[in-house]
Every structure is written in C-alpha cells, then in structure tokens.
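Asker: Structure for this input, please:
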Amino acid sequence: MTKVGRAFEEEKQEAVEKASKDAAERASKRRNKEIAQSLLDVLSLELIAEKTGLTLDEVKELKQEQEEKQQRKNA
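Answerer: Numbers count the residues shown, from 1 in each chain. Now for the predicted structure:
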C-alpha cells in the first residue's frame, strides 16, 4: 500500500472511531434524559442533575417541558 493509501486508511479509521464515540455519547445523553424525566416527580432537580450527569439547566428544561405537556393534556 502506498503512503497516500495508508494515510487515507488511517484517516478513515479515525473518522469511524470518532463517529462511533459521538454516537455513544449522544445515546448516553438521551438515556440520561429519559432517566431524569422519570424522576422529575420523585427527586429534587439538583439531585437528578447530580445523579444523571445532566446540568441543572437541562433538568429544569425537562421539567418545564413536562409541565407544558401536562397543561396541553389538561386543556
């Protein structure tokens, strides 16, 4: 294999690894948000943020979305 071919293969492998890592991080974040949503009525927002790794602002946003959804349902 030529130097150019090897360089291409290395870059391709790095791109695949980065894409895989990014996908895993997105899936983990999505799962943590699902867990947080299930705990909103049970635990404090601060504790949810601490245990899920989400920011307090992210948890507050989930809480607001849940409340808005409930209001639409009750309307």
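
Asker: rest of the way, CA atoms for contacts and neighbours
Answerer: Will do.

Asker: Name the residues of the longest helix that the chain contains that come out as buried.
Answerer: Identified as the longest helix of the chain according to DSSP state H is helix 3-39. Neighbour-count burial for helix 3-39, counted by 16 or more other Cα atoms under 10 Å, picks out 32-33, 36-37.

Asker: same check, this time on stretch 46-58
Answerer: 48-49, 52, 54.

Asker: Contacts made by that stretch with the rest, please.
Answerer: Here stretch 46-58 makes contact (Cα atoms under 8 Å, 6 or more residues apart in numbering) with 29, 32-33, 35-36, 39-40, 45, 59.

Asker: what's the closest of those residues to residue 71?
Answerer: For the contacts of stretch 46-58, the residue nearest residue 71 by Cα to Cα is residue 40; the value is 15.8 Å.

Asker: pLDDT score for the closest residue in space to the closest one that isn't next to it in sequence?
Answerer: Distances taken as Cα to Cα, 6 or more residues apart in numbering place residue 63 nearest to residue 40, at 6.6 Å, with adjacent residues excluded. Note on residue 63: pLDDT of 96.

Asker: Any idea which residue is closest to the centre of the chain?
Answerer: Among the residues of the chain, the one closest to the centroid is residue 29, at 1.8 Å (Cα atoms, centre = their mean).

Asker: Please name the residues that touch that residue.
Answerer: Contact analysis of residue 29 by Cα under 8 Å, 6+ apart lists residue 54.

Asker: got it, and the one 4 residues further on?
Answerer: The neighbours of residue 33, taking Cα under 8 Å, 6+ apart as the test, are 52, 54, 59, 62.

Asker: Apply 10 Å and report the result again.
Answerer: 27, 39, 48-49, 52-54, 58-59, 62 (Cα atoms under 10 Å, 6 or more residues apart in numbering).
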